[in-house]
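Student: Sequence and predicted structure below; questions after.
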Amino acid sequence: MRALRSGGEDVEVHPLLPQQVDRRQLKVGRLLLDNSKSQKYTNVDRYMHGYTVAFPEISCRIIRDVVVHGLIPVHESGAIVDHLRHYYPAGNAPESSTKLLAGRVDEAIKQKASYGAEYEECPHLTLVVYNEGGGTWGHWVVENFPKIPLFLARFPEGKVALPIGYKNNNFGALLDVCGISRDSIFFYSGPYRLKQAAFIDHLYEEGTVHPWVIDYFKGASCTRPLRPSRLFIERAARTREITNLPEVKRVAQEHGFTSKPLGSATLQEQVEQWTRADCLLTTLGSDLTNIVFCQPGPRLFVISPDFHGDRFFIDLAAAFGCEWNELLCGTIVEERSPRNTSSFSVSPLALNRLLD
């Protein structure tokens, strides 16, 4: 254990994982353009030649007297949004933050001030894990959730603080799928003061998932043999939607794909499908996070709007041994702000070429 001072308070630092270097190689299938001038495929090193990432040491940082209520924990020195590397007083969110995050920081600090000194207390060493990312399935599964087993392996008597809303949704169901006892989870609805709050460093670097996370999910997944099945996973979110979806479904069906809106299914049902399927077609987005449940070897056919650059899922595919086939689509139908939420269309002819 090391001690340092941050925000005027003593912080205990417990190293968890050493520095390490990892090299990954993507299995590349077809990379096609559909009315797109994107330069994405010029990054041949990442697509074709593999890539190496150096991961820094991962530590757990512990501080006393932190208040949790919403998504942003607050200390008397300010809001905590990046694992005790900094505190942010009201009106002073990190320069790189979005307006949404800046608003959450200010709101969390105002809420803490309104509570006065009246809090329920949690006396246990308690991990806070939900204060990073955009709150999507991808952020939760790959960036935040893995900190729970990593923390409990080092501090088996510790607790994990999660908002009460996680208790009965798919976010909470991941605890059960991965064998995390709910006795270790502290679900809360009102403001609580954590006598000892723990924060773990980011488990990703340069858009690349830490090797520990990859090994954890490979060990946690149930091993089932792949079976010949082709799934077209319809995007459940109402952003980045395909406007000519009936045409896309028709082409998919002609190539033997069965359409399933897995985003609205239970997590157990999603895991079953992703674990067994040998061929999946989907839109670039949160659904692809379930690559972590795949057995080695499935083929992925990804419909990607070219205005939504994201190498996060390419890295997951490389780490889990999936073959990556991608159609970059450049026809925006309804442009929105932010732009990566815009709707788009897919050329049936281009999709045919991808799936042939």
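Tutor: Yep, it's here.
Student: Show me what the helix or strand harbouring residue 333 is packed up against.
Tutor: Element membership of residue 333 [criterion: DSSP states H and E] is strand 331-334. When contacts are defined as 3 or more Cβ pairs under 8 Å, 6 or more residues apart in numbering; DSSP states H and E, strand 331-334 sits against strand 343-345. Placement of C-beta: from N, CA and C, glycine included.
Student: so what does the strand it packs on touch, helix or strand wise?
Tutor: Strand 343-345 packs on strand 331-334, going by 3+ Cβ pairs under 8 Å, 6+ apart.
Student: Direction included, what does the strand holding residue 333 pair against?
Tutor: Here strand 331-334 is paired, per DSSP bridges, with strand 343-345 (antiparallel).
Student: Which SSE is immediately downstream of the partner strand?
Tutor: Next along the chain after strand 343-345, taking DSSP H and E as the criterion, comes helix 348-355.
Student: buried set for that next one?
Tutor: By neighbour count on 16 or more other Cβ atoms under 10 Å, the buried set for helix 348-355 is 350-351, 354-355.
Student: Ok, stretch 118-127 next?
Tutor: So for stretch 118-127, counting by 16+ other Cβ under 10 Å, buried means 119, 122, 124-127.
Student: ok so, going back, which residues does the strand holding residue 333 contact?
Tutor: Strand 331-334 has contacts (Cβ atoms under 8 Å, 6 or more residues apart in numbering) with 34-35, 243, 305, 307, 342-347.
Student: likewise stretch 189-197?
Tutor: Residues contacting stretch 189-197 (Cβ under 8 Å, 6+ apart): 62-69, 73, 111-112, 115, 119-128, 161, 163-164.
Student: among those residues, which are in strands?
Tutor: Residues from the contacts of stretch 189-197 lying in strands, with DSSP state E as the criterion: 62-68, 120-128, 161, 163.
Student: Low-confidence ranges, this protein, go.
Tutor: Along the chain, the model assigns pLDDT under 70 to residues 1-9, 43-46, 82-102, 116-117, 131-134, 221-228, 262-264.
Student: Which helix runs longest in it?
Tutor: helix 99-115 (DSSP state H).
Student: what's that helix packed up against?
Tutor: Against helix 99-115 (3+ Cβ pairs under 8 Å, 6+ apart) you get strand 74-75, strand 78-79.
Student: Ok, which of those strands comes nearest residue 185?
Tutor: Minimum separation from residue 185 across these (Cβ to Cβ) falls at strand 74-75, 21.1 Å.
Student: Packing partners of the closest one?
Tutor: Against strand 74-75 (3+ Cβ pairs under 8 Å, 6+ apart) you get strand 58-68, helix 99-115.
Student: CA atoms of stretch 139-146 as PDB?
Tutor: Listed next in PDB are the C-alpha coordinates belonging to stretch 139-146 (Å, rounded to 0.1, in the frame of the first residue of the first chain):
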ATOM      1  CA  HIS A 139     -19.400   1.200 -20.800                       C
ATOM      2  CA  TRP A 140     -20.900  -1.000 -18.100                       C
ATOM      3  CA  VAL A 141     -19.900  -4.400 -19.300                       C
ATOM      4  CA  VAL A 142     -16.300  -3.800 -20.400                       C
ATOM      5  CA  GLU A 143     -15.100  -0.600 -18.600                       C
ATOM      6  CA  ASN A 144     -16.900  -0.600 -15.200                       C
ATOM      7  CA  PHE A 145     -18.300  -4.000 -14.200                       C
ATOM      8  CA  PRO A 146     -14.900  -5.900 -14.400                       C
END
